[in-house]
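# no sequence for this one, just the structure:
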């Protein structure tokens, strides 16, 4: 099951203002709150927010891997239901692929995991992975606030 597609296009492009232009911090300006996670919002649609855990970035050769979370903007207090996806980038060739999708239930526990590496594809610079590449490949960071956990974002009112 895919939680988001690479060609999310207009909705994501229209919503994406967080990593473009003024107010973008570079990696060296980021303060991590708890040392284990640092969730950066990088796009929104009318019903979802897209965040990347900057502490999850792993580099292996020319591949950068990151965990992406997709969460509903509306939900009951204490409902931590969301999906995560492991996404890999080849920054120099502007390619990306998904390697796993993970579903989390209302209590925040993992309910399912689907390991299924997709083929490497050129990503749309105005799509989800194009915006995410700004964080992963170019060192951009979302303006504050960032979140030390998915729970913290939900508990803060999903804002």
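Perfect, thanks for sending it. Keep in mind it's a predicted model, so treat the numbers as computed, not measured.

# what segments of this structure are helices?
9-15, 128-136, 150-155 (DSSP state H).

# and stretch 147-159, end to end?
11 Å (CA to CA, to the nearest Å).

# please apply the same query to stretch 118-125.
Stretch 118-125 end-to-end distance (CA to CA) = 19 Å.

# for residue 142, which non-adjacent residue is spatially closest?
Leaving aside its chain neighbours, residue 142 sits nearest to residue 40 (3.9 Å; criterion: CB to CB, 6 or more residues apart in numbering). (Glycine included, C-beta is placed from N, CA and C.)

# next one: residue 95
Nearest non-adjacent residue to residue 95 (CB to CB, 6+ apart): residue 120, at 4.5 Å.

# one more: residue 156?
Counting by CB to CB, 6+ apart, the residue nearest residue 156 is residue 147, at 7.5 Å.

# the one you found touches residue 157, doesn't it?
No - judged on CB atoms under 8 Å, residue 147 makes no contact with residue 157 at a distance of 11.8 Å.

# higher neighbour count, the two?
residue 147 (21 against 7; other CB atoms under 10 Å).

# tell me the contacts of that one?
By CB atoms under 8 Å, 6 or more residues apart in numbering, the contact set of residue 147 is 37, 38, 39, 51, 153, 156.

# hang on, the fourth one packs against residue 69?
So the one you mean is residue 51. Yes - the pair residue 51 and residue 69 qualifies as a contact (CB under 8 Å) at a distance of 4.9 Å.
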